[in-house]
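Chemist: no letters, just coordinates:
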């Protein structure tokens, strides 16, 4: 939980779905699924960025740790105490519910990954955006890059990078960062709310061609090129 909260990967309000795994043999997993069908609210939680009890269970509105809630569910179904459940493996990101200011295509990369898997991906990551601002300052006119490429260079993940760019207001060249498909993120917004042009308008003026709403992939700066820019 410290890794996930520290990295800022999951915004408050992220929806998670129950998928019982570690510590529950098949017979108990089947029993849990049947129990959930009796009340579908038992299958979902809302994430909050608390390292102690980040899950708010839809079934009762109370806060739990991932393992604490997994143990509670196990006991509710079996009437006995679980033996060593790793509850972080029981909760998957519900990518059907996209948080505000998050690009849907980047959010979809979290599909099928549980909290434990996310923490392994992000181990060592922190929300220090100094390196991001420095890197973005090196991206020249006539080139663009992606949230994922930028995240790989600074040791983060596309989702918190996208969220930061959508809310920072001080990131240099933020319009030169597009989603994995080369499109402007739906969460993009100018710091100056009176602006009526779009990032695509600016990129076109800088010499980047678009095919429909997707930028020319030949002008994309990938992670190796970004590292070279950062190294000077």
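Modeler: Right, received. Where do you want to start? All values reported here derive from a predicted model rather than from experimental measurement.

Chemist: quick one: the strands in this protein?
Modeler: Counting by DSSP state E, the chain has strands at residues 15-18, 44-47, 55-57, 63-64, 91-93, 145-146, 177-178, 210-211, 214-215.

Chemist: who touches the fifth one?
Modeler: I take that to be strand 91-93. Applying Cβ atoms under 8 Å, 6 or more residues apart in numbering, the contact partners of strand 91-93 are 10, 14-19, 45, 55, 66, 110-115, 118. Every residue, glycine included, has its C-beta placed from N, CA and C.

Chemist: how about stretch 206-219?
Modeler: Contacts of stretch 206-219 (Cβ under 8 Å, 6+ apart): 141, 142, 143, 144, 178, 181, 182, 183, 184, 200, 203, 204.

Chemist: which ones are touching the spatially closest residue to residue 135 that is not a sequence neighbour?
Modeler: In this structure, residue 135 finds its nearest non-sequential neighbour in residue 230, 5.3 Å apart by Cβ to Cβ, 6 or more residues apart in numbering. By Cβ under 8 Å, 6+ apart, residue 230 lies in contact with 134, 135, 138, 153.

Chemist: can you pull the pLDDT of the residue nearest to the spatial centre of the chain?
Modeler: Taking Cα atoms, centre = their mean, the centroid of the chain lies closest to residue 159, which sits 3.9 Å from it. Looking at residue 159, its pLDDT reads 88.

Chemist: wait, doesn't it sit right on residue 9?
Modeler: Yes. With contact defined as Cβ atoms under 8 Å, residue 159 counts as touching residue 9 (5.7 Å).
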